[in-house]
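Q: Sequence plus the predicted model coming up.
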Amino acid sequence: MAKPTIPGWLRTTGFALLAILLLIFAFDDVDLNKVWASAKEAKWGYIMLSIALGYTAVLSRGKRWTYVLRHLGYSTSTWRAVHATGVGYLVNMAIPRAGEVARATALNRADNIPVNVLIGTILIERTIDLLMMAGLLGLAFIGASGEIQTLLDITQQNTDGSPKSGGFPWMSLFGGIVGLVLIFAVFFQKQVRATAFYTKLVTFLEGMMEGVRAVGQLPNKWAFWGHTFFIWACYYVMVYVCFYALPFTANFTLAQGLFVMMAASLGVLVPVPGGVGAYHYLVAMALVVLGLPYEQGLAFATIVHAAQALMLISSGVIGLIALSARKGRTSFHGKG
C-alpha cells in the first residue's frame, strides 16, 4: 500500500502561511516610520553592486555544474546550465526545497540529459555547499563567539533588545541533546540502528561522502573548487557591500560581515519561501547585537533581501524564457 503524501498545494500553502507568520513576527510592534526613514538613506549603487555579485555567483554555479556533467559524459552549454540554475532558484522562492527538481527538469527539457543523472549532480553540489556553509559557520563561531551567544540570547527577547534575566539556555540545551545522543549510541545501539531515522541519517552521510569522492575524481577538480570558493566569496561580499549602502552600517568590519552573513544563512535555511520573515528577523537581530536599533537592522535586512529576491526572480524568469525558446515551448511546468 502506498504511503499517504501531503498534496503539493497544501504543502505550498503551509510554507506561505509560515512565511507570513514569521514576517508578522519580525515586524510586530515595530515603528514602520523609523524603518522607512532608515531605508530611504540607502545608496542604491551599492545595492546594485550586491545584485550583480549575486548573479555572478549564479553564473559561476552554472559553469561549475558543467564540469560535473562533462565528467559523466553529458554536454551542455554554460548558459543553459546557468538558466536552469536560475529556474531552480525561482521555484525555491515559491516552494522551498523544490528548486532542485525544477532545475534538473529544466535542463532535461533543454538537452535531454536524464533527470536522475542531473539530480545526482545537484546532490553532489549540495554536499559541497553544505560543507562550505559548515566551514563558514565554524569561522563565525571562532571569530564571533560572544556575538553569537548574545544573538542566541536576544532572539528570545523583545525586538527592542531589552534583556531578560538569564536568557534562553541554548548551550545547556545543546549539551543535553548531545549527552542523550551519546547515551543512546552507547547503551541502545541495536534499537537505534533499527529506526528509520538512523537509516536516513546513514544514507545521508554516505551520500555526502560519495559526493566528496566524486569531486575528487573530476579531471578539472581544481576548477570545480575554484568556482566553489568564488561562489561563497560572492555570497559574502554581496552582503558586505550592502553595509556601505547605509550610513549606520558603513563602519562594520569584515568579521562582523561574516557574523551577519551567518545569521542570513540561518534565515534562508528555514523552510519558507525565500527565507521570508526568518531572514528579516535574524539579520535584524544580528545587527542589534552589533549595536544598532532594531528598526535600522530591519531596514537593512529588508533592503538586502528584496534586492536578492529581485535578482533571483529575474534570473529565473530569464532562464524560463531562454530554455523554453530552445525547445520551442511557451512555458515550463516544474513539479513541487
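A: Okay, I see it.

Q: Which residue ranges of the stretch 101-250 of the chain form helices?
A: With DSSP state H, counting those that start in this stretch as the criterion, the stretch 101-250 of the chain has helices at 115-143, 145-154, 170-187, 189-193, 196-216, 221-243.

Q: what's the least confident stretch among those?
A: Of all the helices of the stretch 101-250 of the chain, the minimum mean pLDDT falls on helix 170-187 (a mean of 57).

Q: any idea how far the nearest residue to R126 once chain neighbours are set aside is from W65?
A: Using Cβ to Cβ, 6 or more residues apart in numbering and skipping the chain neighbours, the partner closest in space to R126 is E100 (7.4 Å). In this view, the C-beta of every residue, glycine as well, is placed from N, C-alpha and C. E100 is 12 Å from W65, where distance means Cβ to Cβ, to the nearest Å.

Q: which residues do the two both contact?
A: I122 (Cβ atoms under 8 Å, 6 or more residues apart in numbering).

Q: The two: which is more packed in?
A: Taking neighbours as other Cβ atoms under 10 Å, E100 and W65 compare with W65 leading, 26 against 17.

Q: low-scoring stretches of the stretch 201-336 of the chain, by residue?
A: 201-216, 270-274, 326-336 (pLDDT under 70).

Q: Please enumerate the strands of it.
A: Shown for the stretch 201-336 of the chain, no strands are assigned by DSSP state E, counting those that start in this stretch.

Q: pLDDT score assigned to the residue nearest to R126?
A: For E100, the model assigns a pLDDT of 86.

Q: Pretty sure it sits against I124.
A: No - with contact taken as Cβ atoms under 8 Å, E100 and I124 are classed as non-touching, separated by 11.5 Å.

Q: Go through this protein and flag its longest helix.
A: Looking across the chain with DSSP state H, the single longest helix is helix 294-327.

Q: ok, residues contacting stretch 46-66?
A: Where contact means Cβ under 8 Å, 6+ apart, the residues beyond stretch 46-66 that reach it are 76-79, 81-86, 89, 121-122, 125, 223-224, 227-228, 230-231, 234-235, 237-239, 241-242, 244-245, 303-304, 307-308, 310-312, 315.

Q: how about a cut-off of 6 Å?
A: Under the contact criterion Cβ atoms under 6 Å, 6 or more residues apart in numbering, stretch 46-66 has outside partners 78, 81-82, 85, 224, 227, 230-231, 234, 237-238, 241-242, 244-245, 307-308, 311, 315.

Q: any idea of the mean pLDDT in it?
A: 94.

Q: Run the angle between the host helix or strand of the residue nearest to R126 and helix 294-327 for me.
A: For E100, the host element (DSSP states H and E) is helix 99-111. For helix 99-111 against helix 294-327, the angle by axes from the mean of the first three to the mean of the last three Cα atoms, to 10 degrees is 30 degrees.

Q: could you check the angle helix 115-143 makes with helix 99-111?
A: Going by the same axes, to 10 degrees, helix 99-111 makes 140 degrees with helix 115-143.

Q: Against which helices or strands is helix 99-111 packed?
A: Packed against helix 99-111 by the contact rule (3 or more Cβ pairs under 6 Å, 6 or more residues apart in numbering; DSSP states H and E) you find helix 78-94, helix 115-143, helix 294-327.
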